[in-house]
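K.L.:
Build the 3D model from these lines:
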Amino acid sequence: MHQLKKFAPAFVLAFLLGAGASAFAQEASVSVTVKGKHFVPSTLHAPANKPIKITVHNADKVAAEFESRTLRVEKIVPAGGTVVINVKPLVAGNYSFFDDFNPSNQGVLIAK
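P.N.:
Below is the predicted model:
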């Protein structure tokens with residue numbers, strides 16, 4: 001019995017890591033491109049209550065900044081570069097985003 005107590009923390013850690021891996025596997029992915037100083041597409045759709053991976057590619061020759069107050073995200077995307085933004089699970093709703101370097105460039109993520 002003493003041996004079981006000795007290995008209990010390892011079993012708990014293995015269980016937690018396995019649970020985390022399965023939650024990660026359920027992550028949703030969406031992509032958006034900055035092209036001609038516009039988000040393409042400007043409307044993104046993702047499931048509610050799941051982690052979301054947002055991939056932002058900048059096809060322009062100047063940097064852009066993907067920003068969202070509702071998502072609590074602010075990320076510079078270099079010219080010709082790509083960034084990945086991991087967002088916690090969202091309740092159903094609309095989450096606006098914009099390019100802080102070009103505020104007229106706006107979009108929305110709709111979680112359903």
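
K.L.:
Buried by neighbour count: which residues of the longest strand belonging to the chain qualify?
P.N.:
The longest strand of the chain (DSSP state E) is strand 102-111. By neighbour count on 16 or more other Cβ atoms under 10 Å, the buried set for strand 102-111 is Asn105, Gly107, Val108, Leu109, Ala111. No exception for glycine: its C-beta is placed from N, CA and C like everyone else's.

K.L.:
of these, closest to Pro78?
P.N.:
Pro78 lies nearest to Asn105 out of the buried residues of strand 102-111, by Cβ to Cβ, at 16.0 Å.

K.L.:
Quick check, the closest one in contact with Lys35.
P.N.:
No. Counting by Cβ atoms under 8 Å, Asn105 stays clear of Lys35, with 10.2 Å between them.

K.L.:
How many residues are close by Lys88?
P.N.:
Counted with other Cβ atoms under 10 Å, the neighbours of Lys88 add up to 9.

K.L.:
Tell me the first helix or strand C-terminal of the worst-scoring helix or strand of the chain on mean pLDDT.
P.N.:
Across the helices and strands of the chain, mean confidence by mean pLDDT, DSSP states H and E is lowest for helix 2-25: a mean of 52. Sequence-wise, the next helix or strand downstream of helix 2-25 (DSSP states H and E) is strand 28-35.

K.L.:
For that following strand, C-alpha coordinates in CSV please.
P.N.:
Extracted in CSV, the C-alpha atoms of strand 28-35 (Å, rounded to 0.1, in the frame of the first residue of the first chain):
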residue,chain,number,x,y,z
ALA,A,28,-12.0,25.2,-33.0
SER,A,29,-9.9,26.9,-35.7
VAL,A,30,-10.7,29.9,-37.7
SER,A,31,-8.5,31.9,-40.1
VAL,A,32,-8.5,35.5,-41.4
THR,A,33,-6.2,37.3,-43.8
VAL,A,34,-5.3,41.0,-43.9
LYS,A,35,-5.3,41.9,-47.6
